[in-house]
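Here's a sequence, model it:
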Amino acid sequence: MKNYFIFLTLLLIGLKAKAQDPNWSVNSANYQYSMTFTTFLNVNGTTLSSGENKVAAFVNGEIRGVANVVFVASANKYVAYLSVFANTNGETITFKIYDSANDNVVDITATENFIIDGNVGGIFQSYSIADPALNNEALLNLFSFKGVSTVSEVVNNNNVAVVLPFGTDITGLTIEYVLSNGANLFLENTKQLSGASVQDFTNTVTYKVLSENEEVFVEYEVSVTVASENVDPPVLVLTSAANSVVKQAPLQVNLTTNVAISNFIPEDVLCVNAVVSNIKKENELLYVLTVVPIQQGDFSIEIPQNKVLNSDNEGNSPSNKLTFIYDLVRPYVATIKRKDPTEEITKDDILEFTVTFSEDVENVSSSDFVSVSDATFTVVKENDSTYLITVMSIADFYGVVSLNIKPVNTIQDKAGNLLLNTVINVHQN
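Sure thing, here's the model as predicted:
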C-alpha cells in the first residue's frame, strides 16, 4: 500500500509538470497553401534551446502550424522550422511559444501576413519570435584593437577607417568593438568575439553586424592603415655653464633640440644687449652659440616661435630665455662702521663693526680681516653686501683698535671681479 502511494504521488507530480503542455497539432491536409519560417524563440532575453520548447501559429485562434526547437550543428544554433497553412492569401498570423523550462505559454505581440509559398528566415538570419520583442538595430559604434592605441578612427556610413601608430604590425590584431544592444559581429558567417578574435588587416576586411532580432543585417568594411613616422615639432632648450653674472666675454650657450632642424642662423636668435657671433653644429640635436655682450648690465637671448623647421616644415615653439648680467667693475669697501659699543672710549673687550661693500660679494671670511695683535674675528653675513665683524681677544690691549681688510684676500663679486684693495681706517679707543 505504501509503495502504491509513492508511485501515485510521483505520477501526479509528473502529470503536473506537463499540465500546461499545449499539445498543439494541425492537419495540413485541410489547407491548400503553405508558408515556412526558419525561426528562433526568445523569452525574456533568453533563446530557447530545449527540444521540448515549441512554437505555434494561429489564424483567428485556429492552429495553423506547430514546430519544436531543434539544434543545427553546422551553425551551432537552435531554430524551429515552422510551416504555416492556409487557404487564403493575406491572413493575419499570430504566434505563441511554449516555454518548457517555466512550463508556460507565452503570447507574442508581433504578427505576420500569410503569403502563399512564402519563405521567411534562414539559418544565419532567422525570423525572431520573442517576448519582449528584440532590438532591431545593427550599428557598429566603436572599433579598435586590444593593446594598441588608435591614432584615429572614422566610421562613415558602412566604412570604418582606423589609423594605428607608426610601426604597428597589422597582420594579427585582436579586435575590440561596441555594437547595438544585443547585436552580433560576424566574419564570413563566423561569430566574432570582442577582445578575443584575431584578424589580418593587410587588406580591407568586411564584417557583418546582425541585429539582436536578426532582422537587420549590415556590412561594414574595415580598413586599417599605419601612420607615417611621426616627427614632433622642434622643442628648443637653451642652457649655459656660465653663472648668471659674468665678467668674461664671449660666453658659450648650448642649444638642444628634440628633432633635427634646418636653416638655423644667428639671426634666428633674439638678443638684448648682446649678439650671437657664431653657431657651431655639434650634431643633429646640439648647437653651440657664441654670445658676446655689448655693454655692461643685463643681457639675454632666446629663440622666438617658428624660427627653425623640422623635416615636415613644422616650426618650433618658443625656447626658454637666458638672462645674464655683464659686470666688469670690481667691488670695493663702501663703509666700515662700528656698531657696538657706540661710545668712542670703552672697556669692552668685544667690539662689533658693520662692513658694507659696493655690491654683492662672496668669499668673505674671518681670515680676510686684520686688527690689533692677537685679535680674532667672527663674520656674520647680514645680506650679500653687508657683514657684521666681531673683534675679540683684546682684553689685555689698551689703545686704538682698528679694523681693516688685508690687501691680499679672496673677496669678489658675483662675476668674479676681485675686491679693490681700499683701506679704510676705523678705530675704536
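
Nearest residue to the middle of the chain?
Closest to where the C-alpha atoms of the chain average out (Cα atoms, centre = their mean) is Ser149, at 9.5 Å.

The residue lying closest to it once chain neighbours are set aside: how many residues sit nearby?
Nearest residue to Ser149, sequence neighbours excluded (Cβ to Cβ, 6 or more residues apart in numbering): Pro165, at 6.1 Å. From N, CA and C alone the C-beta is placed, and that goes for glycine too. Applying other Cβ atoms under 10 Å, we find 13 residues neighbouring Pro165.

Isn't Pro165 up against Ala227?
Yes. If you go by Cβ atoms under 8 Å, Pro165 and Ala227 touch, sitting 5.9 Å apart.

Please enumerate the shared neighbours of these two.
When contacts are counted by Cβ atoms under 8 Å, 6 or more residues apart in numbering, Pro165 and Ala227 have Val151 as shared neighbours.

Counting neighbours, what do you get for Asp312?
Asp312: 12 neighbours (other Cβ under 10 Å).

Likewise for Ile405?
21.

Next: Leu309.
By other Cβ under 10 Å, neighbour count at Leu309 equals 18.

Relative to Ile303, how far out is Asn310?
Separation of Asn310 from Ile303 (Cβ to Cβ, to the nearest Å) stands at 14 Å.

tell me the domain ranges of this structure?
For the chain, automatic domain parsing gives the domain ranges 2-131, 140-226, 236-326, 333-428.

what residue ranges in the stretch 1-150 of the chain score low on pLDDT?
Scanning the stretch 1-150 of the chain for pLDDT under 70 picks out the ranges 1-20.

switch to 50 and redo it
Counting by pLDDT under 50, the stretch 1-150 of the chain has low-confidence residues at 1-19.

how about the helices of the stretch 51-200 of the chain, start to end?
Counting by DSSP state H, counting those that start in this stretch, the stretch 51-200 of the chain has no helices to list.

List the buried residues in the host helix or strand of Thr335.
Taking DSSP states H and E as the criterion, Thr335 maps to strand 333-340. The neighbour-count check on strand 333-340 (16 or more other Cβ atoms under 10 Å) flags 333, 336, 338 as buried.

same deal with stretch 367-382?
Result for stretch 367-382 [16+ other Cβ under 10 Å]: buried residues 368-369, 371, 375, 377.

hmm, who's touching the helix or strand hosting Ile389?
Applying DSSP H and E as the criterion places Ile389 in strand 386-392. Outside strand 386-392, the residues that touch it by Cβ under 8 Å, 6+ apart are 339, 349-357, 364, 369, 371, 375-382, 401, 403.

From the chain's centroid, how far away is the following helix or strand past it?
Going down the chain from strand 386-392, the next helix or strand is strand 401-405, by DSSP H and E. Offset of strand 401-405 from its chain centre (Cα atoms, centre = their mean, to the nearest Å): 68 Å.

between strand 401-405 and strand 333-340, how big is the angle?
Orientation check (axes from the mean of the first three to the mean of the last three Cα atoms, to 10 degrees): strand 401-405 against strand 333-340 gives 150 degrees.

which helices and strands does the helix or strand that strand 401-405 is followed by pack with?
Later in the chain than strand 401-405, the nearest helix or strand by DSSP H and E is strand 412-413. Strand 412-413 sits against strand 361-362, with contacts defined as 3 or more Cβ pairs under 8 Å, 6 or more residues apart in numbering; DSSP states H and E.

What strands line up against the strand it packs on, and which way round?
strand 412-413 (antiparallel) (DSSP bridges).

what comes into contact with the strand it pairs with?
Outside strand 412-413, the residues that reach it (Cβ under 8 Å, 6+ apart) are 245, 327, 329-331, 359-363, 418-419.
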